[in-house]
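Student: take this sequence and fold it.
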Amino acid sequence: MTLTVRLDTAIESALERHCAERGVTKSLVVQESLAAYLLDDASAKASAAARGRAKSSAPVSANYKAFSEAGLIGGGELGGVSATNAVVRERAMQRIRRKAR
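Tutor: The predicted structure follows:
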């Protein structure tokens, strides 16, 4: 297949320099660049689709949402402290006290 592409002068000059330095044809560079572009795009779409399936496959329970909103999900929310019962209880009490003010 033959394809004609219009390039601005800066890109054309860069392409010519690249080809001369590496001893390859313009056609090869364009073919490889296009293949990489399309593969990256397909990979990004596949990753996005997989993330979408993962999110939609496991509905989030009301309990999880409530604990997450209270800041009780994840070690980062607890300042890096292990989530023992005492730590979780103290964190919950702090939240309750703040809301009461």
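Student: give me the element residue 68 is part of.
Tutor: Taking DSSP states H and E as the definition, residue 68 sits inside helix 62-69.
Student: I'd like the next helix or strand past that helix.
Tutor: helix 85-100.
Student: okay, buried residues for that next one please.
Tutor: 88, 91 (16 or more other Cβ atoms under 10 Å). Using the backbone N, CA and C atoms, a C-beta is placed for each residue, glycine as well.
Student: angle of that helix against helix 62-69?
Tutor: Using axes from the mean of the first three to the mean of the last three Cα atoms, to 10 degrees, the direction of helix 85-100 lies 70 degrees away from that of helix 62-69.
Student: alpha carbons of helix 85-100, in CSV - could you do that?
Tutor: Extracted C-alpha coordinates of helix 85-100, given in CSV (Å, rounded to 0.1, in the frame of the first residue of the first chain):
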residue,chain,number,x,y,z
ASN,A,85,-9.3,-2.8,66.9
ALA,A,86,-8.0,-0.2,69.3
VAL,A,87,-6.6,2.0,66.5
VAL,A,88,-9.8,1.8,64.5
ARG,A,89,-11.9,2.5,67.6
GLU,A,90,-9.8,5.6,68.4
ARG,A,91,-10.0,6.8,64.8
ALA,A,92,-13.8,6.5,64.8
MET,A,93,-14.1,8.3,68.1
GLN,A,94,-11.9,11.2,66.7
ARG,A,95,-14.2,11.5,63.8
ILE,A,96,-17.3,11.4,66.0
ARG,A,97,-15.9,14.1,68.2
ARG,A,98,-15.0,16.3,65.2
LYS,A,99,-18.5,16.0,63.8
ALA,A,100,-20.0,16.8,67.2
